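**Q** requesting a structural model of the entry that follows:
(one chain, ligands or ions: 1)
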Amino acid sequence: MDAPTIVAARALWTPSGLLTDATVVLRDGVIAEVRPWRAGDGDRVDGLVVPGLINAHTHTELSHVAGRVKGATPGFVPWLDALWAVGAVAGQAEARAAAAASLRDHGTAYVVDVSNAGDTAADLASAHLRGVVQHERLGFDARTVPATIASLVNEPAGAPGVVVRAAPHALFSTAPELVVACVRAGPKGVPSTIHVGEAEDEARFLMSGDGPHAELLDRLGREWRGWPTPGVGPIDVLSRLGVLGPDLLLVHGVLLDHRAVLSIAFADAPVCFCPRSNLHVGGLLPDVPSYFTAGVRCALGTDSLASSPDLDVLGEIPVLAAAFPDVPVSRWLAMVTHEGAAALRATGVGEVAVGARPGLLQLDVGRVEDLGRAAPARRWIVAP
Ligand SMILES: [Zn+2]
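**A** Model prediction:
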């Protein structure tokens, strides 16, 4: 066994809060001990030492359109049209690999990456990231849905530290049977994910079967009218389908009312917020404190470069800190570390705790509160 690695910190971020003058002892990257600093431990690292970060939602495969998709139109369907209007752009594979490297350079240790082809695991592993590739499925065509469901047992193998599993895109794009099959496809303990409460017309589509989503599906020639209109909002739809719960990470949650948030809490479903993307696409932010009050387990994600300026999950914090000044900045930091990991049921990452292999990152800030002003410079002290 190699000699232990000793990291002495002036400020160390742990699930129990901030420790001052603390030492972390690691063996082969695994934390063996967390204890008060003593003179023999060497110089203390300045700034704030945190575990490798958790980015709970992105799409690295959209990185080739960075900076090209106009937003704040406002509206999800106009944004989607703007995304499609970019059309074919050279260098998609290179942009995707560069995005994985950029996640890592921003201090990410664990990522949830949504992919239409389900084939980004090798890029993530090459960048030494761990996480989940969510192989996204959608479609309403009753002639093809059974074959898509049958295909869910044959997910690509993934890569070291990266699991591939099925994910439904959204309730306005995916047949209900397919939503259920994706969530239940497993593997167990690795939540699937769905976009919900992101688009202002989602509830209208589900309640009455009309509006911009219906028009979009008609324009695309999709066979959606054979499915019954649920007549209830998105969280009630998920609840009726039996998939609202710990196995489904709900992404966005911008346009959900108080009753829906309570349903999410009672079902113990985790939620991921992507505030900068929401501002770009629709000009709105989720009411995150209402989720806290209800006791929902929360994470943060950057979403993709089609709606976000970068893949730095710490870049979400200043936006949230400005919008919700009563929330302690430490709460946002928890969401990109141990709380985020717990929401994803990812073990051994996102926390400075004995037995974990989170990687350690030095943030160039004097206090945790500084993260509310701007995303800081950082460097890896211990690679994850
Ligand atoms: Zn997304």
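
**Q** just give the nearest non-adjacent residue to Val352, would you?
**A** Leaving aside its sequence neighbours, Val352 sits nearest to Thr14 (Cβ to Cβ, 6 or more residues apart in numbering; 4.6 Å). Glycine gets a C-beta too; all of them are placed from N, C-alpha and C.

**Q** whoops, Tyr110 was the one
**A** With Cβ to Cβ, 6+ apart as the criterion, Tyr110 has its nearest non-adjacent residue at 4.5 Å, and that residue is Val349.

**Q** can you count the residues close to the closest residue to Asp312 other than its chain neighbours?
**A** Distances taken as Cβ to Cβ, 6+ apart place His106 nearest to Asp312, at 4.2 Å, with adjacent residues excluded. Neighbourhood size, His106 [other Cβ atoms under 10 Å]: 19.

**Q** any idea how far Tyr291 is from His106?
**A** 24 Å (Cβ to Cβ, to the nearest Å).

**Q** where does Leu361 sit: helix, strand or coil?
**A** Following DSSP: H, G, I helix; E, B strand; the rest coil, the label given to Leu361 is strand.

**Q** any idea what it is bridged to?
**A** Per DSSP bridges, the residues bridged to Leu361 are Val50, Trp380.

**Q** I'd say it and Ala377 touch.
**A** No. Applying Cβ atoms under 8 Å as the test, Leu361 and Ala377 come out as separate, 10.9 Å apart.

**Q** and the two? Which one has more around it.
**A** Leu361 (26 against 10).

**Q** tell me the pLDDT of the more buried one.
**A** Note for Leu361: predicted pLDDT of 98.

**Q** OK, contacts around it?
**A** Val49, Val50, Pro51, Gly52, Leu53, Gly107, Arg378, Arg379, Trp380, Ile381 (Cβ atoms under 8 Å, 6 or more residues apart in numbering).

**Q** with Leu53 instead?
**A** His106, Gly107, Thr108, Ala109, Tyr110, Val313, Leu314, Val336, Thr337, Gly350, Leu361.

**Q** got phi/psi on it?
**A** phi -80, psi 160 (degrees, to the nearest 10).

**Q** could you pull out the helices for this structure?
**A** Here the chain has its helices, by DSSP state H, at 76-86, 92-105, 121-126, 145-151, 176-184, 202-208, 212-219, 234-241, 258-267, 275-282, 288-294, 316-323, 329-335, 338-343.

**Q** those helices: which one's closest to Glu33?
**A** Nearest to Glu33 among these is helix 338-343 (18.0 Å), distances taken as Cβ to Cβ.

**Q** what about the residue nearest to Trp79 when sequence neighbours are not counted, how many residues nearby?
**A** Excluding the flanking residues, the one nearest Trp79 by Cβ to Cβ, 6+ apart is Val281, at 4.6 Å. If you count neighbours by other Cβ under 10 Å, Val281 ends up with 30.

**Q** and Val281, what's its pLDDT?
**A** With respect to pLDDT, Val281 has a value of 86.

**Q** same check, this time on the one 3 residues further on
**A** The pLDDT attached to Leu284 in the predicted structure is 91.

**Q** then Thr73?
**A** Reported pLDDT for Thr73: 60.

**Q** who's in contact with Trp79?
**A** Applying Cβ under 8 Å, 6+ apart to Trp79 gives the contacts Val69, Lys70, Gly71, Thr73, His280, Val281, Gly282, Ser307.

**Q** the residue nearest to Tyr110 is in contact with Ala109, isn't it?
**A** Yes. At 5.5 Å, Val349 counts as touching Ala109 under the criterion of Cβ under 8 Å.

**Q** so what sits against both of those two?
**A** By Cβ under 8 Å, 6+ apart, Val349 and Ala109 have these common neighbours: Pro51, Gly52, Ile54, Arg130, Pro358, Pro384.

**Q** and for the fourth one, nearest residue in space, chain neighbours not counted?
**A** Leaving aside its sequence neighbours, Arg130 sits nearest to Gly161 (Cβ to Cβ, 6+ apart; 3.8 Å).

**Q** shouldn't the one you found be in contact with Ala122?
**A** No. Here Gly161 does not reach Ala122: they are 11.4 Å apart, not a contact under Cβ under 8 Å.

**Q** circling back: number of nearby residues for the residue nearest to Tyr110?
**A** Neighbourhood size, Val349 [other Cβ under 10 Å]: 24.

**Q** what of Val183?
**A** 24.

**Q** between the contacts of Leu361, which is nearest Leu206?
**A** Leu53 (33.8 Å).

**Q** give me the below-cutoff pLDDT ranges for the stretch 251-384 of the chain.
**A** Scanning the stretch 251-384 of the chain for pLDDT under 70 picks out no residues.

**Q** list the contacts of the nearest residue to Val365 once chain neighbours are set aside.
**A** Closest residue to Val365 apart from its sequence neighbours, by Cβ to Cβ, 6+ apart: Pro376 at 4.8 Å. Shown in contact with Pro376 (Cβ under 8 Å, 6+ apart): Gly47, Leu314, Leu363, Asp364, Val365, Asp370.

**Q** likewise for Glu339?
**A** Going by Cβ under 8 Å, 6+ apart, Glu339 touches Arg297, Cys298, Ala299.

**Q** on that earlier part again, phi, psi for the residue nearest to Arg130 please.
**A** Dihedral angles (degrees, to the nearest 10) for Gly161: phi 80, psi 0.

**Q** what about it, neighbour count?
**A** The burial count for Gly161: 16, using other Cβ under 10 Å.
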